[in-house]
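*Asks:* Here's my sequence, what's the structure:
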Amino acid sequence: MSEHFCGTCNRLRLTAEGKLRSCLFSDREVDLRGILRSAEDDRALEASIREAVRDKPERHVVLEPDREECRLAMSRVGG
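*Replies:* Next up, the predicted model:
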């Protein structure tokens, strides 16, 4: 990968388990299923989605030598 495109990436992915991922190269997730199954209102859901967007990384660490591997392979997330 020769260029970091994270600064312009606008993708979010929802896993089959109801976790929202803002980056395929990160294990950070927001549990939307838990929010949807709870008695919380739509504002809590919106706040969680906004949090995921706000926390999108500025660049990925795929080429970093000491990076940790992601728990899920891209193909299991939908990338």
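*Asks:* Tell me which other helices or strands the longest helix along the chain touches.
*Replies:* Of all segments of type helix in the chain, defined using DSSP state H, the longest is helix 42-54. If you count contacts as 3 or more Cβ pairs under 8 Å, 6 or more residues apart in numbering; DSSP states H and E, helix 42-54 packs onto strand 19-21, strand 29-31, helix 32-37. Any C-beta I mention is one placed from the backbone N, CA and C, and that applies to glycine too.
*Asks:* any idea which of those is most buried?
*Replies:* Comparing these by mean neighbour count (mean count of other Cβ atoms under 10 Å), strand 19-21 ranks first with a mean of 21.
*Asks:* Which residues does the longest helix of the chain contact?
*Replies:* Applying Cβ atoms under 8 Å, 6 or more residues apart in numbering, the external contacts of helix 42-54 come out as 12, 20-22, 28, 30-32, 35-36, 38.
*Asks:* For these, give me a markdown table that also has pLDDT and distance to A44.
*Replies:* A markdown table is the format used below for the contacts of helix 42-54 (pLDDT from 0 to 100; distance: Cβ to Cβ, whole Å):
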| residue | pLDDT | distance to A44 |
| --- | --- | --- |
| L12 | 87 | 17 |
| L20 | 91 | 13 |
| R21 | 87 | 19 |
| S22 | 84 | 18 |
| R28 | 82 | 18 |
| V30 | 91 | 11 |
| D31 | 92 | 11 |
| L32 | 93 | 10 |
| I35 | 91 | 5 |
| L36 | 90 | 10 |
| S38 | 88 | 8 |
